[in-house]
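Enquirer: turn this into a model:
(one chain, ligands or ions: 1)
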Amino acid sequence: MEPADIVQLWSVRKTYRTAAHDVTALDGVTTGFRAGTFTAVMGPSGSGKSTLLHCAAGLDRPVAGKIVIDGVDLATLDENGLTMLRRERVGFVFQAFNLVSALTAEQNVSLPLRLAGRAIAPAEVRAALAEVNMGDRAGHRPSRLSGGEQQRVAIARALITRPAVVFADEPTGALDIKASRGVLGLLRGLVDGQGQTVVMVTHDPVVAAYADRVLFLADGRLVEEFTGDVDAESVAARMAGLESSAC
Ligand SMILES: Nc1ncnc2c1ncn2[C@@H]1O[C@H](COP(=O)(O)OP(=O)(O)OP(=O)(O)O)[C@@H](O)[C@H]1O
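Expert: Presented below is the predicted three-dimensional model:
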């Protein structure tokens, strides 16, 4: 853990109660996400990636351990406080885009400001759309946009509150290769150009290679981490090893 870590997880444990037995989804995860870095979270199916993302983003509470976002210990917040922190400090990008179909691109992007009770400056919303190369589609509803275009709008929406961190859950999972490259290039550019912090769950080693750090989970534990010049072949080889030992 480093002082510059914008998100910190300390011995985070999460279990789910099912009718048959308790499932341990995270089994003592300690890690941090440094400001201005792009992290990919990988691991076999069921290894705890989504649970990690949800806990780190304050969408779900751990049963033990501590999570700090932008200096705030989430355990000190009640549900209302947690909702406010998510609205103000965290951006989300989902596989299914999750845009509101009845609203235009511009209205979708301004929605987080509206929810947070903040003033909506149309110029700011237009600038956010221009930043994701969607400036000329502000008046279009999602049904008139391609998947890649919808995801660009969703990224503009995630950024409009100037969050401390953006969490992305399989952001390219529903896109073709060309649109995926566009979205990943955009996320990479936000990190490099604006110092945005991005944490992304993915199954795809090629997607993970856009990050500058890859965390590998297995059975709810952090088992390895690649940093620096991450290449897709090494990530794929590590994943193959984890998947064969998971079988
Ligand atoms: N709401 C829930 N109730 C019970 N068990 C759950 C729940 N959510 C997740 N789990 C279990 O917790 C473990 C971790 O799940 P999680 O979805 O975090 O894994 P994942 O790595 O994201 O998987 P995938 O790659 O398949 O999406 C799995 O065993 C899963 O079955």
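Enquirer: where do the strands sit along this protein?
Expert: According to DSSP state E, the chain carries its strands in the segments 5-17, 22-34, 38-42, 64-69, 72-73, 90-94, 165-169, 198-201, 213-218, 221-227.
Enquirer: just list whatever residues bridge to I69.
Expert: Beta-bridge pairing for I69 (DSSP bridges): V7, V72.
Enquirer: counting neighbours, what do you get for it?
Expert: 24 (other C-beta atoms under 10 Å). C-beta: built from backbone N, CA, C; applies to glycine.
Enquirer: roughly how far does it sit from the ligand?
Expert: I69 sits 19 Å away from the ligand when distances are taken as C-beta to the nearest ligand atom, to the nearest Å.
Enquirer: go on, T172?
Expert: Between T172 and the ligand the computed distance is 14 Å (C-beta to the nearest ligand atom).
Enquirer: now do the contacts for the closest residue in space to that residue that isn't next to it in sequence.
Expert: Leaving aside its chain neighbours, T172 sits nearest to S180 (3.8 Å; criterion: C-beta to C-beta, 6 or more residues apart in numbering). When contacts are counted by C-beta atoms under 8 Å, 6 or more residues apart in numbering, S180 is found next to 148, 172, 207.
Enquirer: show the pLDDT at S180.
Expert: pLDDT for S180: 93.
Enquirer: now the one 4 residues further on
Expert: You'll see L184 listed with a pLDDT of 95.
Enquirer: same thing with the one 4 residues further on?
Expert: In the predicted model, R188 carries a pLDDT score of 95.
Enquirer: could you do T31 as well?
Expert: T31 is assigned 97 on the pLDDT scale.
Enquirer: doesn't V214 make contact with it?
Expert: No: when contacts are counted by C-beta atoms under 8 Å, T31 is not listed as touching V214 (12.0 Å).
Enquirer: between these two, who's got more neighbours?
Expert: For T31 versus V214, neighbours defined as other C-beta under 10 Å are more numerous around V214 (24 against 19).
Enquirer: how far out from the middle of the chain is the longest helix anywhere in the chain?
Expert: Using DSSP state H to define each element, the chain has its longest helix at helix 177-194. A distance of 13 Å separates the C-alpha centroid of helix 177-194 from that of its chain, computed with C-alpha atoms, centre = their mean, to the nearest Å.
Enquirer: what angle sits between it and strand 165-169?
Expert: Here helix 177-194 points in a direction 170 degrees away from that of strand 165-169 (axes from the mean of the first three to the mean of the last three C-alpha atoms, to 10 degrees).
Enquirer: so what touches the least confident helix or strand in the chain by mean pLDDT?
Expert: The weakest-scoring helix or strand in the chain, judged by mean pLDDT, DSSP states H and E, is helix 232-246 (a mean of 90). When contacts are defined by C-beta under 8 Å, 6+ apart, helix 232-246 is touched by residues 42-44, 46-47, 205-206, 208-209, 214, 216, 218-219, 223-224, 226.
Enquirer: hmm, which of those are the buried ones?
Expert: Neighbour-count burial within the contacts of helix 232-246 applies to 42-44, 47, 205-206, 208-209, 214, 216, 218-219, 226; the criterion is 16 or more other C-beta atoms under 10 Å.
Enquirer: need the residues of this protein near the ligand, please.
Expert: 16, 18, 23, 25, 43, 45-51 (C-beta under 6 Å from any ligand atom).
Enquirer: lowest pLDDT pick from those?
Expert: In terms of pLDDT, the weakest of the residues of the chain next to the ligand is T18, which scores 86.
Enquirer: show me what the spatially most central residue of the chain bridges to in the sheet.
Expert: Nearest residue to the geometric centre of the chain (C-alpha atoms, centre = their mean): F167, 1.6 Å. Taking DSSP bridges as the rule, F167 bridges to F92, V199.
Enquirer: how about the contacts made by it?
Expert: For F167, the contacting residues are 53, 56-57, 90-93, 199-200, by C-beta under 8 Å, 6+ apart.
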